[in-house]
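A.B. asks: Requesting a structural model of the entry that follows:
(chains A and B)
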Amino acid sequence: MTHDTQLRTLQAIAALVPHGSRVLDLGCGDGALLAHLQQHRGCSGYGVELNDANVHACVQRGVNVLQLNLDQGLSLFGDQSFDVVLQIDTLQHLRNAETMLLETARVGRLGIVSFPNFGHWPNRWSVLQGRMPVTKRLPYQWYDTPNIRVGTFADFEVLATKNGLHLLDAFGLQDGARVAVWPNLLAGTAVFKFQRG
Amino acid sequence: MSTKTHPPLIAKPQSMHFAAPLSLQSGASLRDYTLAYETYGTLNADKSNAVLVCHALNASHHVAGVYENQAHSEGWWDNMIGPGKPVDTARFFVIGVNNLGSCFGSTGPMHTHPDTGQVYGADFPVVTVEDWVNAQALLLDALGITQLAAVMGGSLGGMQALSWTLQHPERVRHAVVVASAPNLTAENIAFNEVARRAIVTDPDFHGGHFYQHGVVPKRGLRIARMVGHITYLSDDVMNEKFGRELRNAVADNATGYRYSTQDVEFQIESYLRYQGDKFSEYFDANTYLLITRALDYFDPARSHGGDLSAAFARTSAKFLLVSFTTDWRFSSARSREMVRALLDNQRDVSYAEIDAPHGHDAFLLDDARYMNVVRSYFERIAQETPLAGGAA
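C.D. replies: Presented below is the predicted three-dimensional model:
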């Protein structure tokens, strides 16, 4: 993603977070989104991150960060203890993706999840040609990808329904812009906002 | 990150005498006592850049720098604290204090009891982490410091840093708690008890009044140190350093063993004996008992029915917690308990869980990830703190 696209994506997701929210950002990376939420939307909260360099980057930014392995669950966090729990480009890395989705809904009054949409047409085209997709959004080869959960926009809707989650908003993001029509085909990123049913 | 080289920091030990009695947690009191301390850097005009560094079991007020014309006299946390180091003494006024009951300068069991004119020995009152913090607070009062930019410590020092945020929440802006725990586990207490029994049952201990017999219970101290040392290292590091290596393999049999039950056979035995010998030359037996007891007693949740979150409701500081994955003495799980209690109280906290191989000792070693996190955390503190000399 270009810097501009990254910024617009960040802003599109930040816009889903109500002003003044207490936020838990699971897989917060270098803390850019949390810093943005603190500075521009009066939010507070914590990031969770495993990578040493990212943890350091968060401390440098002045973002609260907890170095924890999400595959070990969210037992440190109480029920409904956050206004918003974010999982931005995190779900696809998790072994226990379904459990974590439920945990997200347990800990947060609102959950916001985004992940690369494998249903995006260039990915479908690539698979039709017999090859796993390698794109700007999914720059990895099949043998070295950290994305161990490969799902589509439509797949997530099914999983959310199965787990009794109430979807409040669902859309795609492409080049940082919202895709409301045929997001499963036309968007590289799937975004869902939900709460416990 | 600073790349320029700095002249060596010269440390000068100081001491301050306190005539008024200090009421201790046990109900006893201590009067006419002295605290040994060192300071590094310059206190800024509004006295807001002070950082207190608390020491662990066998350390002292000599935290950083070297003593003039004295080789190998680096402070115990000299890799962390000094000009251009993670806790930068060009920005912060850093204070190291020797705790009461220690044997490195502050009033302790080898000093004279003002009531009896005799050496305290075993009569030195039991001191707790809370007592130490209260004594440190009196020193800060005397230095004119009402609020610390940060209080910092590892292991038992981390317990003191934590206790500061509970006893004097309004006096601490940040707490940096490294490789520590909210209390000792039964296993921790068990190791301390082995060490204490080794000392107390040494015939040279004389019930703690060995000074007047002109002896030192060195055998007990050696064993205490050996046990302690095992718990500071990880299994992996011990294996890597020593493995099953023999100190002096004998040539006349295939195994190299000397088939002796009492000679030093393996390198690890040699290492532990060396550490024990060295320690018994400088450490005081009564101090060892006092400090391990202070560790045992520390339990801020106890007065809250064991509820650490309830105990932490008093805190107002921002926290940085660090643990090391191979530390089995103060495991990462113990640090996560503190994280949880801080989360329950919606306190600002960052937590780094460093995947370092060195066990509990890692908190004193150079690991770039650890050092970088502490450095960046203190840079953030510096940004909200006026510099010494005024100019930003």
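A.B. asks: CA-only coordinates of stretch B:194-211 in PDB, if you can.
C.D. replies: Coordinates of each C-alpha in stretch B:194-211 appear next as PDB, following Å, rounded to 0.1, in the frame of the first residue of the first chain:
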ATOM      1  CA  VAL B 194      17.000 -22.800  52.400                       C
ATOM      2  CA  ALA B 195      19.400 -19.800  52.200                       C
ATOM      3  CA  ARG B 196      18.400 -18.600  55.700                       C
ATOM      4  CA  ARG B 197      18.700 -22.100  57.200                       C
ATOM      5  CA  ALA B 198      22.100 -22.400  55.700                       C
ATOM      6  CA  ILE B 199      23.200 -19.200  57.500                       C
ATOM      7  CA  VAL B 200      21.400 -19.700  60.800                       C
ATOM      8  CA  THR B 201      22.700 -23.300  61.200                       C
ATOM      9  CA  ASP B 202      26.300 -22.300  60.600                       C
ATOM     10  CA  PRO B 203      28.100 -22.800  63.900                       C
ATOM     11  CA  ASP B 204      29.700 -19.400  63.300                       C
ATOM     12  CA  PHE B 205      26.400 -17.600  63.300                       C
ATOM     13  CA  HIS B 206      26.000 -17.400  67.100                       C
ATOM     14  CA  GLY B 207      22.300 -16.500  66.900                       C
ATOM     15  CA  GLY B 208      23.200 -13.500  64.700                       C
ATOM     16  CA  HIS B 209      25.700 -12.100  67.300                       C
ATOM     17  CA  PHE B 210      28.800 -13.400  65.500                       C
ATOM     18  CA  TYR B 211      30.500 -10.000  65.400                       C
END
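A.B. asks: How about residues contacting stretch B:110-120?
C.D. replies: For stretch B:110-120, the external contacting residues (C-beta atoms under 8 Å, 6 or more residues apart in numbering or on different chains) are B:31-32, B:103, B:108-109, B:121, B:123-124, B:209, B:211-212, B:284, B:286. Just so you know, the C-beta spots here come from the backbone N, C-alpha and C atoms, and that holds for glycine as well.
A.B. asks: should've said stretch B:233-240
C.D. replies: Outside stretch B:233-240, the residues that reach it (C-beta under 8 Å, 6+ apart) are B:Ile230, B:Lys241, B:Ile268, B:Thr326, B:Asp327, B:Trp328, B:Pro357, B:His358, B:Gly359, B:His360, B:Asp361.
A.B. asks: give me the element B:Ile95 is part of.
C.D. replies: strand B:93-97 (DSSP states H and E).
A.B. asks: quick one, phi psi at the residue of the stretch 151-300 of chain B found nearest chain A?
C.D. replies: Among all residues of the stretch 151-300 of chain B, B:Val176 sits closest to chain A, at 11.3 Å; criterion: C-beta to the nearest C-beta. Main-chain dihedrals, B:Val176, degrees, to the nearest 10: phi -110, psi 110.
A.B. asks: Any idea what it is bridged to?
C.D. replies: B:Met152, B:Leu320 (DSSP bridges).
A.B. asks: what about it, neighbour count?
C.D. replies: 29 (other C-beta atoms under 10 Å in any protein chain shown).
A.B. asks: Equivalent analysis for A:Arg124, please.
C.D. replies: A:Arg124: 15 neighbours (other C-beta under 10 Å).
A.B. asks: Spatially central residue in chain A, please.
C.D. replies: Centroid-nearest residue in chain A, with C-alpha atoms, centre = their mean: A:Ile88, separated by 1.9 Å.
A.B. asks: What pLDDT does the model give the residue nearest to B:Leu290 when sequence neighbours are not counted?
C.D. replies: Leaving aside its chain neighbours, B:Leu290 sits nearest to B:Gly101 (4.1 Å; criterion: C-beta to C-beta, 6 or more residues apart in numbering or on different chains). Looking at B:Gly101, its pLDDT is 98.
A.B. asks: which SS class is B:Gly101?
C.D. replies: Here B:Gly101 is recorded as coil under DSSP: H, G, I helix; E, B strand; the rest coil.
A.B. asks: Name the pair among the contacts of stretch B:110-120 with the greatest separation in space.
C.D. replies: B:Arg31 and B:Gln212 (22.4 Å; C-beta to C-beta).
A.B. asks: So between the two, which is more surrounded?
C.D. replies: Legend: neighbour count by other C-beta under 10 Å for B:Arg31 and B:Gln212, higher for B:Arg31 (13 against 10).
A.B. asks: Could I get the contacting residues of the residue nearest to the more buried one when sequence neighbours are not counted?
C.D. replies: Closest residue in space to B:Arg31, ignoring its immediate chain neighbours: B:Pro21 at 3.9 Å, by C-beta to C-beta, 6+ apart. Applying C-beta under 8 Å, 6+ apart to B:Pro21 gives the contacts B:Ser29, B:Leu30, B:Arg31.
A.B. asks: isn't the last one right next to B:Ala19, touching?
C.D. replies: Put plainly, it is B:Arg31. Yes: between B:Arg31 and B:Ala19 there is a contact at 7.0 Å, judged by C-beta atoms under 8 Å.
A.B. asks: Would you map the helices across chain B?
C.D. replies: B:129-142, B:156-167, B:186-200, B:218-232, B:235-241, B:267-282, B:285-297, B:308-312, B:332-344, B:368-383 (DSSP state H).
A.B. asks: Just say which of the ones you listed is most tucked in.
C.D. replies: Across these, the average number of neighbours (mean count of other C-beta atoms under 10 Å in any protein chain shown) peaks for helix B:156-167, which reaches a mean of 27.
A.B. asks: who touches B:Ala294 in this structure?
C.D. replies: B:Ala294 touches B:Gly101, B:Val126, B:Val127, B:Thr128, B:Val129, B:Trp132, B:Leu156, counting by C-beta under 8 Å, 6+ apart.
A.B. asks: didn't the second one look like it was pressed against B:Gly27?
C.D. replies: No: under the criterion of C-beta under 8 Å, B:Val126 lies out of contact with B:Gly27, with a separation of 10.0 Å.
A.B. asks: The two: who's more crowded?
C.D. replies: B:Val126 (16 against 8).
A.B. asks: and that one, what is it in contact with?
C.D. replies: B:Leu24, B:Ser26, B:Ala28, B:Leu290, B:Arg293, B:Ala294, B:Tyr297.
A.B. asks: mind listing what the nearest residue to A:Gly62 once chain neighbours are set aside touches?
C.D. replies: Once flanking residues are discounted, A:Gly62 sits nearest to B:Arg380: 5.0 Å by C-beta to C-beta, 6+ apart. Each residue near B:Arg380 by C-beta under 8 Å, 6+ apart is listed here: A:Val59, A:Gln60, A:Gly62.
A.B. asks: Distance check, B:Arg380 against B:Val66.
C.D. replies: 29 Å (C-beta to C-beta, to the nearest Å).
A.B. asks: Please spell out which residue in chain A sits farthest from the middle.
C.D. replies: Within chain A, counting by C-alpha atoms, centre = their mean, A:Gln129 lies farthest from the centre, at 28.6 Å.
A.B. asks: meant to ask about chain B
C.D. replies: Of all residues in chain B (C-alpha atoms, centre = their mean), B:Asp252 lies farthest out, 47.0 Å.
A.B. asks: for the chain, which spans come out with low pLDDT?
C.D. replies: I went with chain A, as the question did not name one. By pLDDT under 70, the low-scoring segments of chain A are A:1.
A.B. asks: nope, chain B please
C.D. replies: B:1-4, B:388-392.
A.B. asks: Enumerate the residues of chain A near chain B.
C.D. replies: Counting by C-beta under 8 Å from any C-beta of the partner chain, chain A comes close to chain B at A:22, A:46, A:52, A:55-56, A:58-60, A:62, A:64-68, A:76-78, A:81.
A.B. asks: residues in contact with B:Glu130?
C.D. replies: By C-beta under 8 Å, 6+ apart, the neighbours of B:Glu130 are B:Gln25, B:Ser163, B:Gln167.
A.B. asks: distance of it from B:Asp299?
C.D. replies: The value you get for B:Glu130 to B:Asp299, if C-beta to C-beta is used, is 10 Å.
A.B. asks: cool, and B:Ile268?
C.D. replies: For B:Ile268, the distance to B:Asp299 - C-beta to C-beta - is 33 Å.
A.B. asks: cool, and B:Pro7?
C.D. replies: Computed as C-beta to C-beta, the B:Pro7 to B:Asp299 distance reads 44 Å.
A.B. asks: Cool, thanks, signing off.
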